[in-house]
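Participant: Structure of the sequence below:
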Amino acid sequence: MRKRAQAATEYLIVLAVVIIIALVVVVVMGGIPGIGKGATGRASAAYWDSADVAITDYAISASGTDTVIIKNNLRNQIVLTDVVVNGVDLESSTSTVAVGGSKTYTGSIAACTAGQSFSHAVSVYYQDSATSAYYNFTGDGTKLEGTCAT
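Facilitator: The predicted structure follows:
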């Protein structure tokens, strides 16, 4: 009788540990709305910061003055022809960006409420100056995510 009680107790303890681990994984992956949302914003920022044509910093604000900073992480100079965030083209003509250089864009990308989450698609059209080839970088579908500033 004692052996069965001990086995049942051990089983319940192992089951509790497995459930706790599963809950932690769900929260970290953002499976419960409102609990893991900061992780997706940080993952988006980390991706865009290290991309070939990077977005090193951005601010979408309730005031309507939005800022996006593009950096050239490629080995050749590039010419930006279109920088589209949430369907809004921020590049009015063309801009040449040297290797390691950056370009700051300011405009109105989207209306939002301070503290509200946003998720915007990004497309950067550019020409490689060394090869004259044109590219459309969309971040492999990774959206620009974060929280609307005041």
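
Participant: tell me the contacts of the residue positioned nearest the centre of the chain?
Facilitator: Residue closest to the average C-alpha location in the chain (Cα atoms, centre = their mean): S44, at 1.9 Å. Residues in contact with S44 (Cβ atoms under 8 Å, 6 or more residues apart in numbering) are 142-146. Placement of C-beta: from N, CA and C, glycine included.

Participant: domain assignment for this structure?
Facilitator: Listed domain ranges for the chain are 1-35, 37-147 (source: automatic domain parsing).

Participant: Please identify the most buried of the ones you listed.
Facilitator: domain 37-147 (a mean of 16; mean count of other Cβ atoms under 10 Å).

Participant: so how far is the helix or strand bottoming out on mean pLDDT in the chain off the chain centroid?
Facilitator: Lowest mean confidence among the helices and strands of the chain (mean pLDDT, DSSP states H and E): helix 37-50, at a mean of 80. The chain centroid and the centroid of helix 37-50 are separated by 4 Å under Cα atoms, centre = their mean, to the nearest Å.
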